[in-house]
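[1] based on what follows, work out the 3D shape:
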Amino acid sequence: MQADLDRTDLQLLRALQDNARLTSGELAQMAHLSQSPCWRRVKKLEDDGVIGGYHAGLNRRALGFGVMAFVMVGIDHQTEISSRAFEDAVCAIPEVVMFHGISGPEDFMLVVVAKDLDAYSELLQRKLHRLPGVRHVQTYFSLQEFKGRVGGLPVPAT
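    Below you'll find the model as predicted:
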């Protein structure tokens, strides 16, 4: 369900997406509102689920994760119980930073970070290959990141 957003709401969303640390005063000034109406609008956007949270964007390389991999996983069969077991096991792996069920020849795509290729190889052998029901795993390594901001959605201008 798409929310009913006006020009001011969109302006607030763009500003918060670019810098979630804006004070309510700074945000109100950018939107040409006083603080109370601005706060109420932001609160409504949060309550309506348009704003899902506030996050710090961390640099994976600065944290020692030099490898990013896109891992395509096919599983044997998808019953509710086997799918839930697989999903729970994947969600328990900290190196998996994104996890999607997808269409196409594979069933899932994971975005995984690791310190280096040796660490990824160990993760693959000790965890990914041992996930419940895994039939096939195929890895694609990111060689160069051109645009990687997670959560950066194109907020309409009007």
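
[2] list the buried ones in stretch 4-22?
    For stretch 4-22, the neighbour count (16 or more other Cβ atoms under 10 Å) marks 5, 9, 11, 12, 13, 14, 15, 16, 22 as buried. For the C-beta atoms, the positions are set from N, CA and C on the backbone; glycine is no exception.

[3] now render the residues you listed as TSV, adding secondary structure.
    Compiled in TSV, the buried residues of stretch 4-22 are given as follows (DSSP: H, G, I helix; E, B strand; the rest coil):
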residue	secondary structure
5	coil
9	helix
11	helix
12	helix
13	helix
14	helix
15	helix
16	helix
22	coil
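
[4] between the residues you listed, which sits nearest residue 156?
    The closest of these to residue 156 turns out to be residue 5 (Cβ to Cβ; 8.2 Å).

[5] check contacts around the closest one.
    Residues near residue 5 by Cβ atoms under 8 Å, 6 or more residues apart in numbering: 13, 50.

[6] what packs against the helix or strand harbouring residue 110?
    Per DSSP states H and E, residue 110 falls inside strand 108-114. Counting contacts by 3 or more Cβ pairs under 8 Å, 6 or more residues apart in numbering; DSSP states H and E, strand 108-114 is packed against strand 67-75, helix 80-91, strand 96-101, helix 117-123.
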